[in-house]
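# predicted model, plus sequence, below.
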Amino acid sequence: STPKKKVTMGFLHLFIVNKSGGLIHHRALSPKAPRIGTNEWLRIGSTFHSLHAIAAQASPLRMVNNKNRYGADDGIEELQAGGLVMRCFQTRTGVKFVITAEPGTGDMDYVLKEIYVLYTDCALKDPFYELEMPIRCELFTQAVDALIERVDKNKSLR
């Protein structure tokens with residue numbers, strides 16, 4: 001019999017939305033990622049922020065250890081569509097880290113939390129970075145690239 005070709009799933013986009021709903025970072029993580037213009041990214045970021053807030057208020061359930069009785073720490077964690085999975089990690093300060101990937105891509109939670117660590121190490125410690133403003137830190141970009149490359153490499157070894 002012919003050997004089956006291993007299909008690798010992958011990460012597509014990363015976007016980061018501040019607590020006010022402003023897009024502070026966006027980028028493609030793969031050549032397979034659809035090309036999306038800056039205006040569309042701004043719309044995607046603010047729309048996701050609004051939907052996240054609506055989901056938090058509309059949900060009858062509250063996350064364990066949520067200190068906000070109105071559910072501000074709750075919201076959308078994952079959306080699944082035909083050819084896309086969107087996963088969100090919201091920090092305690094309200095910054096949302098969102099990654100999109102092909103269905104079946106693993107390690108999404110791990111990658112989101114690692115990107116958050118990179119954000120705190122690279123952007124927040126940059127003396128020229130202002131909170132809530134777009135992230136223009138080359139060190140952060142390079143670190144995210146290295147993370148995605150490392151995770152993709154480890155996947156292909158499994």
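That came in fine, so what should we check first?

# in the protein, which segments are predicted with low confidence?
Residue ranges of the chain with pLDDT under 70: 1-8, 61-73, 156-158.

# where does the most centrally placed residue in it land in three-state SS?
Central residue of the chain (CA atoms, centre = their mean): V98, 2.0 Å from the mean position. V98 falls in the strand class when you classify it by DSSP: H, G, I helix; E, B strand; the rest coil.

# now it: how far from G75?
Counting by CB to CB, to the nearest Å, the gap from V98 to G75 is 11 Å. (Each C-beta comes from the backbone N, C-alpha and C, glycine too.)

# what sits in contact with each of those two?
C88 (CB atoms under 8 Å, 6 or more residues apart in numbering).

# coming back round to it: looking at it, the residue nearest to the centre of the chain is touching I16, isn't it?
Yes - using CB atoms under 8 Å, V98 is in contact with I16, at 7.3 Å.

# run through who's touching stretch 131-151.
11, 14, 16, 18-20, 22-25, 27, 29-30, 107, 110-111, 114-115, 118-119, 121-124, 126, 129.

# got it, and stretch 32-39?
Contacts for stretch 32-39 (CB under 8 Å, 6+ apart): 10, 12-13, 26, 28, 44, 100, 102.

# max pairwise distance over these: which two?
G10 and I44 (19.3 Å; CB to CB).

# mind listing the helices for the protein?
Using DSSP state H, the helices of the chain run over 38-58, 108-118, 138-157.

# just those helices: most buried one?
helix 108-118 (a mean of 17; mean count of other CB atoms under 10 Å).

# packing partners of that one?
strand 11-17, strand 84-90, strand 96-101, helix 138-157 (3 or more CB pairs under 8 Å, 6 or more residues apart in numbering; DSSP states H and E).

# apply 7 Å and report the result again.
Counting contacts by 3 or more CB pairs under 7 Å, 6 or more residues apart in numbering; DSSP states H and E, helix 108-118 is packed against strand 84-90, strand 96-101, helix 138-157.
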